[in-house]
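> Could you look at this predicted model? Sequence included:
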Amino acid sequence: TIHLLSDIELDAPIELTKSIIIDGTKPGMSGRNGDGCYAIRAAGEYSDRVININGCCGEFPEKLDLQLKNVQIIALSGEPYTRAVSAYAVKNLHIELQNVRLACNYYALNLASENENVTIQIDRSKLEGLTAINIWSPIHAEISDSILIGSNSDACDADRGNSYAAIAVNQDGTGSVMTFQNDEIIAETATGNEQNIVNIHGVSYEPYELESVKNSIRFSDCKFSARDTIHDEPLIPMYSVEGAAELYVDGKAIFVSAAPDARVYAPLEPVAEKDEVYYGNLSLAVSNAKSGDKITLLSDVTEDVTIPAGKTITLDLNGKTLTNVKGHTIRNEGNLTITGKGTVDNVTHGKAPLYNTTTGTLTIENGTFTRSAEASTDADTGGGNSWYVLYNAGTVTIEDGDFRFSDKNNGLFSGLIVNGWPSPGENTDKVFAELTINGGTFTGGKITIKNDDYGRLTITDGTFIQPTDKYYCVLDWNEATIRGGV
């Protein structure tokens with residue numbers, strides 16, 4: 001055991017080849033995260049690491065224990081690529097931090113490659129760097145009541161991302177198991193890149209028994225935050241996963257996959273749920289869904305969503321609102337049922353809340369479908385933001401629902417629902433669009449229900465309201481059968 005009696009400045013790393021306890025308790029100190037403790041600082045031209053454990057240099061015991069208590073390990077000067085604590089090619093390594101601050105320009109705690117049987121315990125500590133914990137070897141770690149900060153000033157690549165995060169698990173670290181309890185985890189960026197809370201880049205190639213090598217990370221009662229430090233703006237806390245992994249937040253499976261080629265980038269806050277797996281965006285839930293699955297919204301979502309051909313999905317709006325970003329809110333190429341009495345909205349010119357392609361089969365059980373930013377002013381003026389609420393080139397069945405433009409605009413330039421082909425020459429396969437309306441309320445539009453070329457329309461019930469004089473309620477250009485409705 002080494003007891004510090006003052007701060008220490010080093011001009012070379014501490015090279016460990018045996019177990020040690022370093023205690024930096026200062027008389028009268030109080031607090032946590034290493035505050036008020038004695039410090040060991042890197043200084044001089046050589047400051048690549050403060051504490052270095054290199055299994056290729058020297059003789060090592062069968063097990064090596066490093067315990068840091070009430071101490072600060074600082075590497076913020078000199079070369080930019082500094083590590084506070086780093087280990088390489090060490091067998092049977094145990095690292096324990098109690099009331100410790102690790103601060104550096106690069107990796108605060110670095111578990112490099114070729115380590116074996118590594119265990120880590122961190123309590124009441126603060127780790128800060130480009131990455132707080134960087135993992136290139138499988139580890140088992142328990143982190144509690146601590147603060148982890150990944151502060152990234154590196155230039156980003158073409159897709160605004162890079163490999164850094166507050167917590168980074170790289171390919172050679174696959175098989176790591178980490179639990180976080182009551183921690184605060186912060187991702188900061190100064191260059192507009194996508195600094196994440198956690199990046200998991202596990203194995204993404206064969207042959208592997210994926211269930212046995214996947215990473216497992218579990219957060220309980222943790223606080224996540226992200227910030228653009230240049231503009232002092234909050235960001236959405238994100239995660240990135242590539243390869244086999246499982247990620248849990250407060251008992252909710254945010255991501256579970258054994259797919260060798262999986263790559264996901266999504267918020268940690270779940271917005272959709274499928275079979276007790278929680279997803280940070282709806283598109284991710286759709287891509288992971290199997291035919292017959294039901295996806296439930298957990299909160300309002302702003303996203304463009306495509307249901308792919310060959311997939312059968314039920315979307316439960318659960319009383320929430322789904323709004324587009326710039327495209328059609330829902331583009332259905334598969335078999336989609338919408339239920340849950342929520343709202344599907346679109347705010348973009350030339351785009352619809354619901355767009356059903358020639359391969360799409362869409363069943364609407366209930367819900368509200370709107371264009372809340374509709375700006376049309378008359379039959380000749382779209383106002384820069386107008387289109388249909390529902391366009392169908394495939395098969396649509398409406399059992400119930402409320403279809404309208406907005407509370408302030410009845411839609412004066414575009415039709416509310418269009419079935420078929422406004423430009424029949426584009427229908428090169430000569431397929432028919434089938435629309436069946438068994439109920440619902442349909443309000444406004446230049447034409448409320450337009451059955452266009454190659455359209456087949458059947459109405460058995462429903463309420464159809466055309467509030468504008470000399471506008472059509474139902475207009476048929478092909479085949480229409482009306483048996484009921486008002």
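Here it is on my side, so go on.

> need the contact list for the nearest residue to Ile73 once chain neighbours are set aside.
Among residues not flanking Ile73 along the chain, Ala84 sits closest, at 4.4 Å (CB to CB, 6 or more residues apart in numbering). For every residue, glycine as well, the C-beta is placed using N, CA and C. By CB atoms under 8 Å, 6 or more residues apart in numbering, Ala84 lies in contact with 49-51, 73-75, 102-104, 107-109, 127, 129.

> Which one of these is nearest to Ser220?
Taking CB to CB as the measure, Ser220 lies nearest Leu127 of these, at 18.3 Å.

> which element is the spatially closest residue to the closest one that is not a sequence neighbour on?
Nearest non-adjacent residue to Leu127, counting by CB to CB, 6+ apart: Ala108, 4.0 Å away. Per DSSP states H and E: Ala108 is located in strand 107-111.

> Distance from the chain centre to that strand, please.
Computed by CA atoms, centre = their mean, to the nearest Å, the separation of strand 107-111 from the middle of its chain amounts to 25 Å.

> Could you do stretch 307-321 as well?
From the chain centre to the centre of stretch 307-321 is a distance of 18 Å (CA atoms, centre = their mean).

> who's in contact with Thr357?
Arg331, Asn332, Glu333, Ala393, Gly394.

> Following element in sequence after the lengthiest helix in the chain, please.
Of all segments of type helix in the chain, defined using DSSP state H, the longest is helix 282-288. Next in sequence after helix 282-288, counting helices and strands by DSSP H and E, comes strand 293-297.

> any idea how far the spatially closest residue to Glu233 that is not a sequence neighbour lies from Leu235?
In space, Glu233 comes closest to Arg227 once its chain neighbours are excluded; the distance is 6.9 Å by CB to CB, 6+ apart. From Arg227 across to Leu235, the span is 6 Å (CB to CB, to the nearest Å).

> Find the residues that touch each one of these two.
Ala187, Thr189.

> quick one on the thing from earlier: most neighbours, which of the contacts of Thr357?
When neighbours are counted by other CB atoms under 10 Å, Asn332 leads the contacts of Thr357 with 27 neighbours.

> isn't it right next to Leu362, touching?
Yes: the criterion here is CB atoms under 8 Å, and Asn332 meets it with Leu362 at 5.1 Å.

> and for the two, which residues touch both?
Here Asn332 and Leu362 have Leu354, Asn356, Gly394 as joint contacts, going by CB under 8 Å, 6+ apart.

> Those in strands, which ones?
Leu354, Asn356 (DSSP state E).

> Reformat the shared contacts of Asn332 and Leu362 into JSON lines and put pLDDT and distance to Thr463 next to each item.
Listed next are the shared contacts of Asn332 and Leu362 as JSON lines, based on pLDDT from 0 to 100; distance: CB to CB, whole Å:
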{"residue": "Leu354", "pLDDT": "98", "distance to Thr463": "19"}
{"residue": "Asn356", "pLDDT": "98", "distance to Thr463": "22"}
{"residue": "Gly394", "pLDDT": "98", "distance to Thr463": "25"}
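
> Which of the shared contacts of Asn332 and Leu362 sits closest to Gly382?
Closest to Gly382 out of those is Leu354 (19.0 Å), distances taken as CB to CB.

> show me what contacts the closest one?
With the criterion set at CB under 8 Å, 6+ apart, Leu354 makes contact with His328, Thr329, Ile330, Asn332, Val344, Leu362, Ile364, Phe369, Val389, Leu390, Tyr391.

> packing partners for whichever strand or helix holds Thr337?
Element membership for Thr337, per DSSP H and E: strand 335-339. Here strand 335-339 touches strand 312-316, strand 361-364, going by 3 or more CB pairs under 8 Å, 6 or more residues apart in numbering; DSSP states H and E.

> let's see it at 10 Å
strand 293-297, strand 305-307, strand 312-316, strand 330-332, strand 354-356, strand 361-364, strand 395-398 (3 or more CB pairs under 10 Å, 6 or more residues apart in numbering; DSSP states H and E).

> Packing partners of the second one?
So the one you mean is strand 305-307. helix 282-288, strand 312-316, strand 330-332, strand 335-339.

> Mean neighbour count, those: which tops it?
strand 330-332 (a mean of 25; mean count of other CB atoms under 10 Å).

> Show the average pLDDT along that one.
Mean per-residue pLDDT for strand 330-332: 98.

> For that strand, name the packing helices and strands.
strand 305-307, strand 312-316, strand 335-339, strand 354-356, strand 361-364.

> Could you list the residues in contact with the first one?
This means strand 305-307. Outside strand 305-307, the residues that touch it by CB atoms under 10 Å, 6 or more residues apart in numbering are 272, 281-283, 285-287, 289, 295, 313, 315, 322, 324-325, 327-336, 344, 355-357, 360-362.

> likewise the last one?
The contact list for strand 361-364, computed with CB under 10 Å, 6+ apart, reads 307, 312, 314, 330, 332-339, 344, 354-356, 390, 392, 394-401, 403, 434-440.

> before we move on, back to that, looking at the helices and strands packed on strand 335-339, which is closest to Ala39?
strand 293-297 (49.3 Å).

> hmm, who's touching that closest one?
Residues from elsewhere that reach strand 293-297 (CB under 10 Å, 6+ apart): 271-275, 278-279, 282, 285-286, 288-289, 305, 307, 311-322, 337, 339-340, 342.

> immediately after it, which helix or strand?
Downstream of strand 293-297, the next assigned helix or strand under DSSP H and E is strand 301-302.

> for that following strand, packing partners?
Applying 3+ CB pairs under 10 Å, 6+ apart, one finds that strand 301-302 contacts helix 282-288, strand 321-323.

> Take those and write them to a markdown table, including distance to Ser137 and mean pLDDT.
Formatted as a markdown table, the helices and strands packed on strand 301-302 follow (distance: least, CB to CB, whole Å; pLDDT from 0 to 100):
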| stretch | distance to Ser137 | mean pLDDT |
| --- | --- | --- |
| helix 282-288 | 29 | 89 |
| strand 321-323 | 42 | 98 |
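
> Can you lay out the ones you listed as a markdown table showing distance to Ile120?
Formatted as a markdown table, those follow (distance: least, CB to CB, whole Å):
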| stretch | distance to Ile120 |
| --- | --- |
| helix 282-288 | 30 |
| strand 321-323 | 41 |
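
> so which of these gets nearest Pro61?
When the helices and strands packed on strand 301-302 are compared by CB to CB, helix 282-288 sits nearest Pro61, at 45.9 Å.

> Extract the C-alpha trace of that closest one and format it as PDB.
Taking C-alpha atoms only, helix 282-288 is exported to PDB below (Å, rounded to 0.1, in the frame of the first residue of the first chain):
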ATOM      1  CA  LEU A 282     -40.000   3.200 -34.700                       C
ATOM      2  CA  SER A 283     -38.000   2.200 -37.800                       C
ATOM      3  CA  LEU A 284     -35.700   0.100 -35.700                       C
ATOM      4  CA  ALA A 285     -38.800  -1.700 -34.200                       C
ATOM      5  CA  VAL A 286     -40.100  -2.300 -37.700                       C
ATOM      6  CA  SER A 287     -36.800  -3.600 -39.000                       C
ATOM      7  CA  ASN A 288     -36.600  -6.100 -36.100                       C
END
